[in-house]
Structure formats: structure tokens, C-alpha cells
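Trainee: From the sequence below, what's the structure:
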Amino acid sequence: MSAGRTLPVEQLFRRWQQHQDAQARDALVQRYMPLTIRLARRYRGANEPFDDLKQAASIGLLKAIDRYDTTRGTGFEAFAVPTILGELKRYFRDCCWAVHMPRGIQDLAIKVDQAQRRLTATSERPPTYQDLAQYLELSVEEVLEAMEASAAHHAVSLDTKHETLSGEVRTLGDTLGDIDPGFDLVECGESIRMVASALPERERQVLALRFLEDLPQTEIAKRIGVSQMQVSRILRKALTSLSSLVEEGNEVS
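Mentor: Coordinates of the predicted model:
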């Protein structure tokens, strides 16, 4: 074991800053590497290799060691954490965006992504836009803007293959120029929105919680103070009524 690793932190910093002792600097890096890795894990996602995040965080650690002023009386960790996090954010801004986005939007998109993961872990369900807005003290519009910006984080090749509903394997490029089936969904959704106003308030509320906020029936039951069985009945009744209203509207048109 290196002798430097057993020395007090203050002595290691003195040896590095006053005598440029590389072994002392290496000992500081080894001592604070676990902290660095914990901070890097905060930004771990499916599209970012963890080795790259660890490398960016390690650069932040080295900068913190080199810039730390022992005479100010501030603990090293309190100084190092913002420096390491700043380097991680810079990595995301400079290296991870396929399409250029303003810095403020990039930072906001990262915050929303982190909040999504934290709220999902604590509530065991994906948070709604309203949940995220309340948690981050933002407007729903700002949350939506940040989530749309996240789509620019990584580019997808036109040669990327995917399987269609019919089982056919096609590339993304093959679909360019196709008629988007989502247009039919938009038209259908607009028809439903127009006739839904004719439903009782309780049925409209349950439909919104189920299909707009994507809540399970058990969660809806807690929200409105009824049993899951009652929620199921309300949904069936509302959907039956909607179907009849939409058919009546189509016959009139």
C-alpha cells in the first residue's frame, strides 16, 4: 500500500501544492475516487457509457484538487462536488447532443430526466407532467419543452432497423414519405374530446386520469376515493357512452 494513502488529507495537499509531489496527488485521487464515481452514477443513462461519465467526473476531480485552496477553511468535498458536477454537465453539453440546443434548455432537460428517474424510483410509476412540474417548481410548458429537447440528445441512423406491427422489418429511412398513422389518432382524439364534454364530471375525470395521465386503476381509486372495482365500472360506462356519442356524431355528419 502506498504510504501517501495513509497520510492526512491536509498533509497530502501541502505536499502537492508546495512541492508538486505527484505521489501525493495520486493519493488524493485514489482517496476521492469513490465520491467521483457516486456523482457520475447520478447521470448514468441508457445512452451514455459509464466509462465516459467516469472519465468526465475524474477530470473534474483533478481540477478540484489543483484549484483547492486549503487556507479558506472549506472542506475539500464541499469544494469538489460542484466542480465535478460542473464537468459532468459540460460533458453532456459539449459531447452528447446530436442537435445543438441552447445551454439553458440542455441543463433543464438533464434536470427533468433526473427528476423522472427519482420520482419513478420513489413512487414505482412514471411521473406525470404535473408531477414533474411540481417537483421541479416549473410550469408544465417548461417540462414539455425540456422533454422535447431531450429527443435531440441522440441521433438515430436512417439505417436503424425496426419491426412493424405486421412483423415486417424495415429501416427508419424506408418510412420516410409514408402516411403517418398518427394522423388518424389525432382526428379520433379530437372527436372524442368534442363529445366527452357531454359525459358526467366523474366519468370525464376518470377518463383523464386513465388516458391522459396514464394512471393504473388502483391509483385512480386512491385519487377519487373509491374502490378499484368502481373505477373499472366507471371506465366501462364512460367508454360505452363515448362510443355511442362518436357514432351518433358520425351519422349526423
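Trainee: Same question for stretch 52-62: list its buried residues.
Mentor: Using 16 or more other C-beta atoms under 10 Å as the test for burial, stretch 52-62 gives 53, 54, 56, 57, 58, 59, 60, 61, 62. Using the backbone N, CA and C atoms, a C-beta is placed for each residue, glycine as well.
Trainee: Show me those residues that map onto strands.
Mentor: Of the buried residues of stretch 52-62, none are assigned to strands by DSSP state E.
Trainee: now, which of those sits nearest residue 135?
Mentor: Using C-beta to C-beta, residue 53 is the member of the buried residues of stretch 52-62 that sits closest to residue 135, with 23.5 Å.
Trainee: The closest one touches residue 40, doesn't it?
Mentor: Yes. Look at residue 53 against residue 40 with C-beta atoms under 8 Å: they come within range, at 4.3 Å.
Trainee: And the furthest pair within the buried residues of stretch 52-62?
Mentor: Between any two of the buried residues of stretch 52-62 (C-beta to C-beta), the greatest distance is 15.3 Å, for 53 and 62.
Trainee: picking that back up, any shared contact partners between residue 53 and residue 40?
Mentor: residue 88 (C-beta atoms under 8 Å, 6 or more residues apart in numbering).
Trainee: Domain map for this structure?
Mentor: 3-95, 103-150, 182-252 (automatic domain parsing).
Trainee: can you redo those as TSV with mean pLDDT?
Mentor: Shown next, in TSV, are the domains of the chain (pLDDT from 0 to 100):
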stretch	mean pLDDT
domain 3-95	84
domain 103-150	78
domain 182-252	74
